[in-house]
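**Student:** My questions concern the predicted model and sequence given below.
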Amino acid sequence: MIAHYQAVHDPQGMEQYAKAAMPVLAEHGGRVIVAETAASVVEGDAWTSAQLVVIEFDSVDAARTWYDSPGYQAARAFRQASAECEVMIVSGFEPPQASKVFRSPGRPC
């Protein structure tokens, strides 16, 4: 799950959001792996962000279950009142094995 905060208007409201959301996140196995307020943009000039958050779940279904849960929906109201934010649920990435990437079809390495 990726949350892109374009602006935070009410820091105290975001504190309420965190207090309400974190226990529900833990109940659903979510793990915050990125919470960045000062990203270093190395390419492009259109990126504006007050904060970027990446949360890892065991599956897309687990992320959806968390997001749709009554506990998170209650917490979400604090975030929506306090910030402009886009939220996306995305699937993970399994890198291909090097032997499959670099080997020509029908030819051993």
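**Tutor:** Structure received.
**Student:** Just give me the longest helix of this structure.
**Tutor:** helix 11-27 (DSSP state H).
**Student:** And that helix, what's buried?
**Tutor:** Residues of helix 11-27 classed as buried: 13-14, 16-17, 20-21, 24-25 (neighbour count, 16 or more other CB atoms under 10 Å). Just so you know, the C-beta spots here come from the backbone N, C-alpha and C atoms, and that holds for glycine as well.
**Student:** Stretch 25-34 too?
**Tutor:** Judged by neighbour count (16+ other CB under 10 Å), stretch 25-34 contains these buried residues: 25, 28, 30.
**Student:** what residues does that stretch touch?
**Tutor:** Contact partners of stretch 25-34, identified using CB atoms under 8 Å, 6 or more residues apart in numbering, comprise 1, 52-58, 62-63, 65-66, 69, 71-72.
**Student:** Mind checking which of those residues land in strands?
**Tutor:** Assignment to strands by DSSP state E places the following of the contacts of stretch 25-34 there: 52-56.
**Student:** which one of those has the most neighbours?
**Tutor:** Neighbour counts for the ones in strands among the contacts of stretch 25-34, by other CB atoms under 10 Å, peak at residue 55, which reaches 21 neighbours.
**Student:** so how many other residues sit close to the residue lying closest to it once chain neighbours are set aside?
**Tutor:** The spatially closest residue to residue 55, leaving aside those adjacent along the chain, is residue 1, at 4.4 Å (CB to CB, 6 or more residues apart in numbering). The tally of other residues near residue 1 (other CB under 10 Å) stands at 20.
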